[in-house]
Structures are given as C-alpha cells and as structure tokens.
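**Q** next come a sequence and a model predicted from it.
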Amino acid sequence: MAKQSVADIDPQGKTVLVRVDFNVPQDDSGVITDDRRIRMALPTIRSILDRGGKAVLMSHLGRPAGKGHEPAFSLAPVANRLGELLGTPVVLAADTGGADSQAKAAALPAGGVLVLENVRFNKGEKKGDDAAYVAGLAALADAYVNDAFGTCHRTEASMHAVPVAMKAAGKPAVSGFLVEKEIRYLSDAIAKPKRPFVAILGGKKVSDKIAVITNLLSICDHVLIGGAMAYTFSLAQGGKTGKSLVEPDKVELARELVAKGGSKLVLPVDTHCADAFSAAANKQVVKAGAIPEGFEGLDIGPETARRYADIIRGAGTVVWNGPMGVFELPPFDAGTKAVADAVAEATAKGAITIIGGGDSAAAVEQLGYADKVSHVSTGGGASLELLEGKAFETVAALDEK
Ligand code: AMP
C-alpha cells in the first residue's frame, strides 16, 4: 500500500504545509546541540522550493504545557538554524495557524519558507480534534506533506486531523522523503529480510520492549539481548544480579520469552560490573548470573561481545534498538562499540543494517558509526512501533499512489 510522496505533487506557485519533526536537543542557553532532524527534512523542503513552491513548516519542540507561548520551547532557534542550512531567509510566525500565520503565509514569495510556532503551544494539538485549530492550519496551504517520522506514532492534530481536513477539502496529503525512506527501510526489513536476520535489543527495561521482542522472535533468526534488560532475564533463570537494574515484576514474562525464543533468543554469558555507577568504581568481569552483592552490571562482558559480533558479522539484515551497556560512561561503552563495529563490518559485506532511533542512534553517532550502517532512524518510539509490526494511522491517512 504505497503512499504518494512529495515527488508526486506539483508545488509550482502553491503553498505546501509540511509537518516536520524539529524536536531537536538544545543546551540550557537554547543552542541546538544536534541538528540531524533538521538536516534530514531538507530534501523534502528543497524539493518544494526548487520547483517554485512555498513551504510552511510546523513542528513540536519539547513538552510545553499547551497553554500558549513559552519562550523556552519557541521554534525561533530552529528557524534560524534552518535558514543557515537552506541559505535563504526563514520567517517565523508568532502563532500556529492563527492571524499571524495566515498573514505571513499569504505574503510568502515563491521559494519562501515560513516556520509556525510550536504546535504544542495550542491545547488543540494534543486533543487532536479541536475544529477551529485544525481549520486554521488546513486553510494555510494547498497541499499537506508528512515528513515527521519521529512523530508518526502520535495522532496529534497536525499529524492526523489536519491532513484529513485538507483531503476533505480536495487537497493532496502525501508523505515526505524522510518518512518514505524510514518506512521503506523498517517495513522492508520486517517484511522481506535478507537472512540471517539478526535483531539486537538492549537498553534499560524489558517492559519497554516486550512487544518488539515478541514480534522479532517470530521473524528473526537470532535475537541478541544486552543492556540492563538482560538482568531481568538472568533473574528469570535463577541468576544473581547484585544491585543491577532489574524489573522483578517482569521475571515471569522474561521466563515466557526464554521458553518461546528457544535457541533464537541469545543472552549474555558474561557481564562487566562495578560497585558504583562511575568510571572510577571497582570493576570486574563475571559470568552472567553471578554478579556479586554490592555490584551492578553496566555492560555485556568481552566473551558476550565476541559471540554477538560473530553472529552479527554473518547477518544479511540487522536491526538494532538499545545500547548493550552504559555507553555514555567508558569503559562501559565497550560492548556497544564491539557490536557497532560488527554491524559496520556486516554493512561493508552487503548486509542491510538499521539502527532504531533514540539512544541507539545516539550511541552509534557518538561512537562514530553513523556513516557505516545502512540507515539510522530519526524516530525512537516510531521505529519501535514499526518493529513491533504496527502500522501508523497518520500514514494510513495519506493519499495512495
Ligand atoms: P533505552 O532508552 O531503554 O534504550 O535505554 C538506554 C539507556 O540504557 C542508556 O542511557 C544506557 O546508559 C542505559 N543502560 C544500558 N545498559 C545499562 C545497564 N547495564 N545498567 C544501567 N543502564 C543501562
């Protein structure tokens, strides 16, 4: 069920409303620390401008209260950065579809760019069906483009009600290039993986990833488990986990996943642990399930890293969500690094390798592997939902090819 993309519309002389995901991290003084999400939307924006269109962009940023303008969540720094990246002036509207947006959108020249203020300044955004808010946005443009992959799993107004309203008014609603690419990579990996298909799942909690583990166990050849979630599996097998992060109420579930997974589910054989959450702590490598009292597991051990790397190097498809340990705190980045290295090697040998958004993407970027894999997703929650086998209502609402 392919969706039309921005390439299928003719933006010449038209105004195109693009929902982007410009929810970028900023430091305390409002300086953008990672502009990847802005850069990833450029192909869609440029495609509209280069063909004589006008682009009106809308996004959320952070979690304002939904009660009007809050300076800390303004899109002003984002509009500035976008202007630098595009090399053209970018206008910022003071509201989201209100009088200022209408006036500034109407005044845009061909090739002009307008950024609306944070959609989440409006209570109608989260509510999803506030008629006046939706109508204000829908009236701004002749066509709608969804290029906000990181938000595709949320049916907020700008993601769902607005394209639905625009379609009802006979206007096209299509996907942007980023959404198209993300969905192609993630859905194809699941639908027709080149085998062996290896999933690597880490991060803090089993509870966040139950649906992903369950779905991937039914389609993958190997599911490798790392991160703190491995200790809940260890508890389920009667192991000792010291003061590691565990979820005692998920032990039964971990036991079921072990039984369901059989030899597909691969658990760590050793653990790098420490007596405090610090690089200066006393550290030791122990067998999995033998973490001493007073110690906590902070990374997979070297033998596990070797085994996982061997499996990954032979893969045809790899999907990876969640770091193998506390990669932010060396030396507990070693397991994540070894896995990243093997994923890069598999990619070089022709495997399709996909890194889920969020912390795994941050780890791969931080360790310098972003250019050595097939695809780094811009969406944490969104990529997880696709790996769970879910479809997006927001994308389903767009025009078919
Ligand atoms: P998640 O958001 O669930 O993907 O988890 C990512 C976070 O899990 C990162 O900040 C890691 O530092 C953390 N993490 C990974 N392994 C461990 C561990 N063994 N103990 C504590 N935190 C961990």
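**A** Noted; the coordinates are in hand.
**Q** so what's residue 154 closest to, chain neighbours aside?
**A** Spatially, and ignoring its direct neighbours in sequence, residue 154 is nearest to residue 394 (7.5 Å; Cβ to Cβ, 6 or more residues apart in numbering). Glycine gets a C-beta too; all of them are placed from N, C-alpha and C.
**Q** can you tell me how far that neighbour sits from residue 385?
**A** Look at residue 394 and residue 385: by Cβ to Cβ, to the nearest Å, they are 11 Å apart.
**Q** with adjacent residues omitted, what lies nearest to the residue in the chain that the ligand sits nearest to?
**A** Nearest to the ligand in the chain, going by Cβ to the nearest ligand atom, is residue 203, at a distance of 2.5 Å. The shortest distance from residue 203 to any residue that is not its chain neighbour, by Cβ to Cβ, 6+ apart, is 2.9 Å, and that residue is residue 322.
**Q** per-residue confidence at that neighbour?
**A** Among the per-residue scores, residue 322 shows a pLDDT of 95.
**Q** what of the one 4 residues further on?
**A** Residue 326 carries a pLDDT score of 96 in this model.
**Q** count of neighbours near the residue lying closest to it once chain neighbours are set aside?
**A** By the measure of Cβ to Cβ, 6+ apart, the closest residue to residue 326 outside its immediate chain neighbours is residue 332, 4.3 Å from it. Look at residue 332: counted by other Cβ atoms under 10 Å, it has 23 neighbours.
**Q** shouldn't residue 332 be in contact with residue 296?
**A** No. The pair residue 332 / residue 296 is not scored as a contact, 10.5 Å apart, by Cβ atoms under 8 Å.
**Q** helices and strands of the protein: which one has the lowest mean pLDDT?
**A** Taking mean pLDDT, DSSP states H and E as the measure, helix 359-366 is the helix or strand of the chain with the lowest mean score, a mean of 89.
**Q** for the record, mean pLDDT for whatever helix or strand comes next after it?
**A** Once the chain leaves helix 359-366, the next helix or strand it forms, by DSSP states H and E, is strand 375-376. Along strand 375-376, the predicted confidence averages to a pLDDT of 94.
**Q** residue 210 contacts residue 254, correct?
**A** No. With contacts counted by Cβ under 8 Å, residue 210 stays clear of residue 254, the gap being 9.4 Å.
**Q** which of the two has more residues huddled nearby?
**A** Counted by other Cβ under 10 Å, residue 210 and residue 254 do not tie: residue 254 has more neighbours, with 26 against 17.
**Q** what is the helix or strand hosting the more buried one packed up against?
**A** Counting by DSSP H and E, the element that carries residue 254 is helix 251-261. Contacting helix 251-261 under the criterion 3 or more Cβ pairs under 8 Å, 6 or more residues apart in numbering; DSSP states H and E are the following elements: helix 210-219, helix 229-236.
**Q** quick one: which of these is nearest residue 81?
**A** Taking Cβ to Cβ as the criterion, residue 81 comes closest to helix 210-219 out of these, the separation being 32.6 Å.
**Q** show me which residues of the protein sit near the ligand.
**A** Where proximity means Cβ under 6 Å from any ligand atom, the interface of the chain facing the ligand comprises 203-205, 208, 227-228, 245, 297-298, 322-323, 325-326, 328, 358-359.
**Q** from those residues, pick the one nearest residue 144.
**A** For the residues of the chain next to the ligand, the residue nearest residue 144 by Cβ to Cβ is residue 358; the value is 26.7 Å.
**Q** and the pLDDT at that closest one?
**A** 84.
**Q** please name the nearest non-neighbouring residue to it.
**A** residue 380 (2.7 Å).
**Q** shouldn't the one you found be in contact with residue 386?
**A** No. Here residue 380 lies out of contact with residue 386, judged by Cβ under 8 Å, at a distance of 11.5 Å.
**Q** so between those two, which is more surrounded?
**A** The neighbour comparison of residue 380 against residue 386 (other Cβ under 10 Å) goes to residue 386, with 27 against 19.
**Q** contacts only, for the closest residue to that one other than its chain neighbours.
**A** Once flanking residues are discounted, residue 386 sits nearest to residue 186: 4.1 Å by Cβ to Cβ, 6+ apart. Residues counted as contacts of residue 186 (Cβ atoms under 8 Å, 6 or more residues apart in numbering) are 319, 354, 377, 383, 386-387.
**Q** what would those residues look like in a markdown table with secondary structure and distance to residue 54?
**A** Formatted as a markdown table, the entries for these read as follows, by DSSP: H, G, I helix; E, B strand; the rest coil; distance: Cβ to Cβ, whole Å:
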| residue | secondary structure | distance to residue 54 |
| --- | --- | --- |
| 319 | strand | 38 |
| 354 | strand | 34 |
| 377 | coil | 29 |
| 383 | helix | 31 |
| 386 | helix | 32 |
| 387 | helix | 36 |
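**Q** residues touching residue 35, list them.
**A** 24, 81, 85.
**Q** is it true that the last one touches residue 42?
**A** This means residue 85. Yes. Applying Cβ under 8 Å as the test, residue 85 and residue 42 come out as touching, 6.2 Å apart.
**Q** from residue 379, how far out is the residue nearest to residue 154?
**A** As judged by Cβ to Cβ, residue 394 and residue 379 stand 12 Å apart.
**Q** repeat for residue 229
**A** Distance check for residue 229 against residue 379: by Cβ to Cβ, it reads 20 Å.
**Q** thinking again about what came up before, what helix or strand is the residue of the chain closest to the ligand on?
**A** Element membership for residue 203 (DSSP H and E) is empty, with no helix or strand holding it.
**Q** doesn't residue 225 make contact with it?
**A** No. Residue 203 sits out of contact with residue 225 when judged by Cβ under 8 Å, with a separation of 10.1 Å.
**Q** the more surrounded of the two?
**A** Set side by side, residue 203 and residue 225 show more neighbours around residue 225, with 29 against 19, by other Cβ under 10 Å.
**Q** ok, that one touching residue 265?
**A** Yes. Under the criterion of Cβ under 8 Å, residue 225 makes contact with residue 265 at 6.8 Å.
**Q** gap between stretch 123-137 and the chain center?
**A** 25 Å (Cα atoms, centre = their mean, to the nearest Å).
**Q** please apply the same query to stretch 123-138.
**A** Its chain's C-alpha centre lies 25 Å from the corresponding centre of stretch 123-138 when counted by Cα atoms, centre = their mean.
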